[in-house]
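> no sequence for this one, just the structure:
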């Protein structure tokens, strides 16, 4: 028994011995980990230390925040740069000079592939801020967001959206990227491949996008199906002013096609309703009703009267909608709500 015990101890000791090759492997791995740690955890430079110390003494100094943010920006440490650009902008007044730092903030988000890039760059673009690469970077930000949602759509990951809603979001970002690229002749000439890419992706979603491309490339485009498709597209991606202009143009040209006029007038009413301009919405819904008296248009007239605070009129038109279509689910629900 004692002999067996001694044998077991000997075997245990033998298993603890490591070969020279294994020891070398451990040493190499250990050295690599030390190197990796030094690479990832960079020591604070003298410049960074001075900037941090200065800001620590005067944390509400706007320029000190921006100076530190610029340091991180130049060293491609974008997460840290974002922190100090945002703190500087939070302290600053709304002045033109702050657009410079807002732009850099947007570029930080763009380099990190974060959706906030669109928010900041789009705001500057709409304000008329003059920065040579703003249009290009905004177009790239739109494209990246479109690709993000396109990947989700192809993989069947819709999140809180329906498939149709996700498709409209993709259209929104790709169309906006496309229009920014086309907004400047030099930009479009230099980015022909980007434009072709966007055209291919949009045609994959809907082959009728060809109408939209023809409309964008021809200032005198007048084909009614193409104009109506483009107006509907702009409505779906919430570019209401562009959609309204096209629809009003169609209504001036088309006086005989009652179905087309009905669709155009209904679309106008819907956009004004979405913008909470209920009096205008009611006008166009009633004009649409004069072209074609449908359950759908009566339902929308009823909804609009509800928003205008005219409950009796709302009930009247919802009942008309239900008389025309007794199984209209939205009208059934709306009438219950109004009669409570």
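Nice, thanks for sending it over. Just so it is clear, the model here is predicted, and its values are computed rather than measured.

> now the strands for the stretch 1-150 of the chain?
Counting by DSSP state E, counting those that start in this stretch, the stretch 1-150 of the chain forms no strands at all.

> show me where pLDDT drops low in it?
1-44, 96 (pLDDT under 70).

> on the pLDDT front, check residue 186 for me.
At residue 186, the model reports a pLDDT of 94.

> sticking with it, tell me its helix or strand.
Element membership for residue 186 (DSSP states H and E) is helix 185-190.

> now do the buried residues in that helix.
In terms of neighbour count (16 or more other CB atoms under 10 Å), helix 185-190 has its buried residues at 187, 188. C-beta here means a position set from N, CA and C on the backbone, and glycine is covered the same way.

> who's in contact with that helix?
Helix 185-190 is contacted from outside by 135, 136, 139, 180, 181, 182, 195, using CB atoms under 8 Å, 6 or more residues apart in numbering.

> any idea which element the fifth one lies in?
Using DSSP H and E, residue 181 sits in helix 163-182.

> show me what that helix is packed up against.
In terms of contacts (3 or more CB pairs under 8 Å, 6 or more residues apart in numbering; DSSP states H and E), helix 163-182 is packed against helix 134-154, helix 185-190, helix 192-205, helix 209-217, helix 224-236.

> switch to 7 Å and redo it
Helices and strands touching helix 163-182, by 3 or more CB pairs under 7 Å, 6 or more residues apart in numbering; DSSP states H and E, are helix 134-154, helix 185-190, helix 192-205, helix 224-236.

> which residues make contact with the longest one from outside it?
Contacts of helix 134-154 from elsewhere in the structure, counted by CB atoms under 7 Å, 6 or more residues apart in numbering, are 103, 107, 110, 113, 115, 117-118, 121-122, 124-125, 166-167, 169-170, 173-174, 176-177, 180-181, 183-184, 187, 198, 201.

> what subset of those is buried?
Buried, going by 16+ other CB under 10 Å: 103, 107, 110, 117-118, 121-122, 124-125, 166-167, 169-170, 173-174, 176-177, 180-181, 187, 198, 201, out of those.

> circling back to that earlier point, could the helices and strands packed on helix 163-182 go into JSON lines alongside distance to residue 273?
Formatted as JSON lines, the helices and strands packed on helix 163-182 follow (distance: least, CB to CB, whole Å):
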{"stretch": "helix 134-154", "distance to residue 273": "26"}
{"stretch": "helix 185-190", "distance to residue 273": "36"}
{"stretch": "helix 192-205", "distance to residue 273": "26"}
{"stretch": "helix 224-236", "distance to residue 273": "12"}
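
> and for residue 248, the neighbour number?
Residues lying near residue 248 (other CB atoms under 10 Å) number 12.

> now it: closest residue in space that isn't a chain neighbour?
residue 268 (7.9 Å; CB to CB, 6 or more residues apart in numbering).

> centre of the chain versus the helix or strand harbouring that neighbour, how much separation?
Residue 268 is part of helix 258-274, with elements assigned from DSSP H and E. In terms of CA atoms, centre = their mean, to the nearest Å, the centre of helix 258-274 is found 26 Å from the chain centre.

> contact partners of that helix?
Residues outside helix 258-274 that contact it (CB under 7 Å, 6+ apart) are 231, 235, 240, 243-244, 247, 250-251, 254, 280-281, 284-285, 287-288, 291-292, 297, 300, 304.
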